Each structure stands twice: as C-alpha cells, then as structure tokens.
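S.K.: Got a sequence here, can you model it:
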Amino acid sequence: MKNKEIVLYDDTNDYEKYDETRHYLFAEYGEEENWACKENIPDERVYEQISQENEESWLDLKYALEKSFHTHYYIMTGTCGRWDGNYGCGTFIKSFNDFQQMIRHLDHIKVTDKNGHLIVEGYHHDGNDRYELKRLTRQGYEYADKNCFAHDRTLHNKIMSCNFFSALPWLAKRIYGL
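M.R.: Below is the predicted model of the structure:
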C-alpha cells in the first residue's frame with residue numbers, strides 16, 4: 001500500500017511558505033499592483049496572504065471535524081512535551097470544543113492525515129506534542145461508557161489499539177474526497 005500523507009493544516013513554519021507565496025502573489029496580482037518584480041512585493045502583504053491561507057485551511061479542518069464530532073465520539077491520545085520530559089496523555093472528544101481544549105496550549109500545529117490516521121503535532125514553550133485522533137466504534141463507545149469514559153491510560157491504550165473499539169477517521173477523504 002502506498003504511503004499517503006495529506007497536510008490538512010500547518011502553521012508550524014510560515015517562513016517556508018514565504019517564497020512560494022511571494023511567487024503566487026506576483027503571478028496573480030503583479031500587473032494590477034504594478035509590481036515590476038517579486039522583490040517589490042511588501043513583506044507584510046506576503047505574510048497577510050500566508051495568514052489568510054492558514055485561516056482558510058483551519059476553517060476547512062474545523063468544519064470537517066465538527067461534522068464528524070456531531071455523529072461520533074473520538075479518542076485522542078499521544079504525548080505532551082514538558083520541561084521535564086514527554087508524558088502520555090489522552091482524552092475522549094465529543095465536540096470541537098473538546099478538541100480545542102486539548103490543543104489550546106500549542107503555539108503552532110500541524111494536522112496530517114497519514115493513510116487515514118489523523119495526527120496532530122505541535123509545539124509550545126516547554127516542548128513538542130504529538131497526538132492521534134481515532135473514532136470510537138459502537139463497541140468502543142460501549143466499552144468507554146462502561147468504564148465511565150475514565151481518563152485512564154490502560155483504557156485509552158486498549159481502545160486505540162483494538163480495531164473493534166476504534167477506527168481511522170480518514171478525514172482527508174471527507175474534506176477532499178480522496
């Protein structure tokens with residue numbers, strides 16, 4: 001099977017987008033803005049465009065996640081980097097607000113769909129975080145409910161590792177039809 005990674009959102013390194021965005025702006029608006037060359041495009045205009053593209057990507061991701069959260073429960077597990085090392089963490093996700101609570105401490109994030117696996121990576125002042133989000137199956141929901149949706153690493157690991165309890169979200173398919 002072919003490895004397929006689709007970036008759904010990424011604001012981790014806007015500097016890498018700078019040259020490509022400047023080229024796009026020159027090709028798209030160079031004549032009407034009277035820019036004689038790409039170097040004449042003001043830096044603030046380039047960063048405005050990058051910010052606008054990031055916002056559009058975020059809204060697409062938010063819409064797809066909200067739609068999924070309306071019909072399914074999810075589990076999100078991974079590691080949180082802290083000043084004294086990486087620590088395991090996880091929670092059950094019922095809404096977009098729950099998802100935002102899990103990532104709100106991150107300064108920048110990257111969300112990718114890797115062969116159906118929804119991976120959230122980000123960084124903050126203490127370190128790097130990495131999470132995976134999976135959809136609970138009916139059996140997974142019942143198992144989690146039977147265990148009161150506990151914040152328990154053993155419960156989370158069992159649900160994440162068993163395909164009877166959790167399934168890949170395949171979010172890129174939902175957003176882009178891929």
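S.K.: Can you name the residues that contact the one residue sitting closest to the centre of the chain?
M.R.: When the chain is reduced to its mean C-alpha position, the nearest residue by CA atoms, centre = their mean turns out to be residue 111, at 2.6 Å. Counting by CB atoms under 8 Å, 6 or more residues apart in numbering, residue 111 touches 7-10, 61, 118-121. No exception for glycine: its C-beta is placed from N, CA and C like everyone else's.
S.K.: does it sit in a helix, a strand or a coil?
M.R.: Using DSSP: H, G, I helix; E, B strand; the rest coil, the three-state assignment for residue 111 comes out as strand.
S.K.: And residue 121, by the same measure?
M.R.: For residue 121, the assignment made with three-state DSSP gives strand.
S.K.: can you count the residues close to it?
M.R.: 17 (other CB atoms under 10 Å).
S.K.: Same check on residue 84?
M.R.: For residue 84, the count of nearby residues is 8 (other CB under 10 Å).
S.K.: What does the pLDDT read for it?
M.R.: Note on residue 84: pLDDT of 93.
S.K.: gap between it and residue 136?
M.R.: 32 Å (CB to CB, to the nearest Å).
S.K.: cool, and residue 109?
M.R.: The span separating residue 109 from residue 136 equals 23 Å under the rule CB to CB.
S.K.: Strands of this protein, start to end?
M.R.: Taking DSSP state E as the test, the strands found in the chain are 5-10, 74-82, 85-93, 108-114, 117-124, 127-136, 166-167.
S.K.: and the gap between residue 123 and residue 93?
M.R.: If you go by CB to CB, the gap between residue 123 and residue 93 works out to 21 Å.
S.K.: Who has more neighbours out of those two?
M.R.: residue 93 (24 against 16).
S.K.: Okay, and the beta partners of that one?
M.R.: In this entry, residue 93 is beta-bridged to residue 74, by DSSP bridges.
S.K.: got a list of what it touches?
M.R.: Taking CB under 8 Å, 6+ apart, we find residue 93 in contact with 69, 73-76, 99, 102, 133.
S.K.: Next, the buried residues of the lengthiest helix in the chain.
M.R.: For the chain, the longest helix by residue count, based on DSSP state H, is helix 43-71. In terms of neighbour count (16 or more other CB atoms under 10 Å), helix 43-71 has its buried residues at 46, 49-50, 54, 57, 61, 64-65, 68-69.
S.K.: Same check on stretch 4-16?
M.R.: Applying a neighbour-count criterion of 16+ other CB under 10 Å, the buried positions in stretch 4-16 are 8-12, 14.
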